[in-house]
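[1] Predicted model and sequence below, questions to follow.
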Amino acid sequence: MEHHPKSLLSPGGISAVLPAFNEAALIAETVRHTADVLRRYTSHFEIVVVNDGSRDSTGQVLTRLQLQQPDLPLRVVTHSENLGYGAALTSGFDAASQDLIFMTDGDEQFDLGELSLLLDALDTDTDAVIGWRAKRADPPIRRLNAWGWNSLVGFLFGYTARDVDCAFKLFRRRVWQQITVEARGATFSAELLVKTRRSGFQVKELPVSHFPRTAGNPTGARVDVIARAFAELIRLRWKLGDSRVNVSSAQGRSSESISSRSPEAVA
């Protein structure tokens with residue numbers, strides 16, 4: 001019997017938002033795979049790809065895909081220059097039209113089939129479900145950088161998420177409509193989650209699978225990206241003040257709301 005997550009038994013569709021920067025080798029396959037996965041759960045869906053100033057043929061690949069498969073609910077938002085990860089997500093979330101927004105990357109490092117786990121966890125009392133990489137398939141230096149970043153975000157704002165930058169998140173569109181995220185670089189996810197929790201939205205977390213990148217090049221370790229992220233984070237801390245009192249109980253709620261099953265146990 002085909003599995004239908006309870007969150008989609010009521011009317012409402014999904015907007016899948018995929019930021020893309022120089023992903024010509026993977027983006028067409030990722031879009032098709034995303035469409036195949038979403039069809040399992042709803043007939044109301046769209047895929048919003050934000051081409052963030054790619055210098056390769058990402059734009060041409062997306063245009064060709066739209067021409068070859070006109071029935072594919074693919075929307076392309078194009079930045080004429082590279083504005084940053086947060087700017088790409090902002091454009092994608094603004095363009096999203098369905099009740100639920102699913103955020104992931106276009107580099108195939110996640111098992112899109114595990115979207116069913118997020119949908120199952122999105123009950124009527126929950127506004128967002130975010131993944132954490134159970135076994136992060138990145139080089140040691142990137143894992144070290146991620147540990148340092150998560151620690152810094154936790155120090156400045158209190159508990160925010162086990163894996164702040166995990167690009168596997170599902171949330172109700174009203175969350176995005178009710179908060180304002182100013183970061184346009186790598187601090188975007190941290191600001192999104194901090195403000196989501198401060199606004200009183202209920203967040204759940206659960207483990208998801210993670211795979212090595214097979215094509216393209218990550219930008220998170222570039223010096224300019226890191227410098228921008230730190231500047232945005234310090235500016236956010238200055239604007240918000242000490243938010244740890246407001247979110248200190250979130251860690252307990254999140255850890256208790258999801259079972260400890262691992263992604264490998266999911267059929």
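    Yep, that arrived.

[2] where does this structure have low pLDDT?
    The chain contains residues with pLDDT under 70 at 1-11, 214-222, 242-267.

[3] Show me the strands in it, by range?
    14-20, 45-52, 74-79, 100-104, 128-133, 168-172, 203-208 (DSSP state E).

[4] could you dump the ones you listed to CSV with mean neighbour count?
    All C-beta atoms are positioned from the backbone trio N, CA, C, and that covers glycine. What follows is those, written out as CSV (neighbours: other CB atoms under 10 Å):
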stretch, mean neighbour count
strand 14-20, 27
strand 45-52, 24
strand 74-79, 18
strand 100-104, 24
strand 128-133, 25
strand 168-172, 23
strand 203-208, 23
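
[5] Need those strands in JSON lines (columns: distance to residue 236).
    JSON lines is the format used below for the strands of the chain (distance: least, CB to CB, whole Å):
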{"stretch": "strand 14-20", "distance to residue 236": "20"}
{"stretch": "strand 45-52", "distance to residue 236": "21"}
{"stretch": "strand 74-79", "distance to residue 236": "23"}
{"stretch": "strand 100-104", "distance to residue 236": "19"}
{"stretch": "strand 128-133", "distance to residue 236": "18"}
{"stretch": "strand 168-172", "distance to residue 236": "18"}
{"stretch": "strand 203-208", "distance to residue 236": "18"}
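
[6] who's in contact with residue 97?
    15, 46 (CB atoms under 8 Å, 6 or more residues apart in numbering).

[7] Tell me how many other residues surround the residue lying closest to residue 86 once chain neighbours are set aside.
    Among residues not flanking residue 86 along the chain, residue 188 sits closest, at 2.9 Å (CB to CB, 6 or more residues apart in numbering). By other CB atoms under 10 Å, 24 other residues sit near residue 188.

[8] Now do residue 188 against residue 39, distance only.
    29 Å (CB to CB, to the nearest Å).

[9] go on, residue 99?
    17 Å.

[10] Touching, residue 194 and residue 240? I think so.
    Yes. Residue 194 is within contact range of residue 240, at 7.0 Å (criterion: CB atoms under 8 Å).

[11] shared neighbours of the two, anything?
    Common neighbours of residue 194 and residue 240 (CB under 8 Å, 6+ apart) are residue 157.

[12] if you count what's nearby, which of these two comes out ahead?
    Per other CB under 10 Å, whichever of residue 194 and residue 240 has more neighbours is residue 194, with 27 against 15.
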